[in-house]
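[1] Fold the following and give me the result.
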Amino acid sequence: MIRTLRQIFRTGIVTELTPRTNDPKITIGEIKLEDSVKKRFQRSLTVREVDAGSCNGCELEIHAINNPVYNCERFGIHFTASPRFADVLLVTGPVTANMEIALRRTYDAVPSPKLVIVVGDCGCNGGIFGESYASLGGVDKVIPVDIYIPGCPPTPIDILNGFYKIFL
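    Numbering: from 1, shown residues only. The predicted model follows:
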């Protein structure tokens, strides 16, 4: 134990600092997004994310909007594990035959008014998986969709801008 502590003190901090960006897409969009969330949803927007059969590329970008660089919490966007507390259902991937019933049940559990956002090309139109014996194609073939965020995978900024489309 002592040997490990000595090594830690000898090594010091080796992580990089968070890069500060002056990207106008982030700074302009964040002010509008934060104001819109506070006005329409009384300070918070709760999201339930469902993977309907994707390759997990879109999930990595969705997790990135929670990191210190994008920090969706500052806009009032929170993720929940229960669809009963969600305002928005965020779906990724083409709907596989095994996930069809689970996706419908999750959609039914979200209280009204329901908003559905689809992230990625696979969720929008089936993407590279298309329609087959195992894949039903896009999410709109199973549940109604309000907003599409295309890309393979879309960037975290595109995902945050997709959230902003709720308020337009």
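[2] Confidence-wise, which helix or strand of the chain is lowest on average?
    None of the helices or strands of the chain scores lower by mean pLDDT, DSSP states H and E than helix 24-41, at a mean of 59.
[3] Next secondary structure after that helix?
    As assigned by DSSP states H and E, the chain's next helix or strand after helix 24-41 is strand 45-51.
[4] Pairing partners for that following strand, with directions?
    Next to strand 45-51 in the sheet, as set by DSSP bridges, lie strand 77-79 (parallel), strand 88-92 (parallel).
[5] Worst mean pLDDT among those strands?
    Of all the strands paired with strand 45-51, the minimum mean pLDDT falls on strand 77-79 (a mean of 89).
[6] contacts for that one?
    For strand 77-79, the surrounding residues in contact (C-beta atoms under 8 Å, 6 or more residues apart in numbering) are Val37, Ser44, Leu45, Thr46, Val47, Arg48, Glu49, Ile65, Asn66, Phe163. In this view, the C-beta of every residue, glycine as well, is placed from N, C-alpha and C.
[7] just those now: which is nearest Ile2?
    Asn66 (36.4 Å; C-beta to C-beta).
[8] Contacts only, for that closest one.
    Cys72, Glu73, Phe79.
[9] what does Ala109 give?
    Ala109 touches Pro83, Arg84, counting by C-beta under 8 Å, 6+ apart.
[10] Could you do Cys55 as well?
    Contacts of Cys55 (C-beta under 8 Å, 6+ apart): Gly93, Cys122.
[11] Okay, now the unreliable bits of the chain?
    Across the chain, the ranges flagged by pLDDT under 70 are 13-43, 167-168.
[12] And the residue nearest the centre of this protein?
    Closest to where the C-alpha atoms of the chain average out (C-alpha atoms, centre = their mean) is Ile62, at 3.8 Å.
[13] Distance from the chain centre to the helix or strand where Tyr164 lies, please.
    Assigned by DSSP H and E, Tyr164 falls within helix 156-164. Computed by C-alpha atoms, centre = their mean, to the nearest Å, the chain-centroid distance of helix 156-164 equals 9 Å.
[14] For that helix, name the packing helices and strands.
    In terms of contacts (3 or more C-beta pairs under 8 Å, 6 or more residues apart in numbering; DSSP states H and E), helix 156-164 is packed against helix 24-41, helix 57-64, strand 115-119, strand 147-149.
[15] Please repeat the previous calculation with a cut-off of 6 Å.
    Packed against helix 156-164 by the contact rule (3 or more C-beta pairs under 6 Å, 6 or more residues apart in numbering; DSSP states H and E) you find helix 24-41, strand 147-149.
[16] returning to what we had before: out of the contacts of strand 77-79, who's nearest Ile101?
    Closest approach to Ile101 among the contacts of strand 77-79 (C-beta to C-beta): Arg48, at 16.5 Å.
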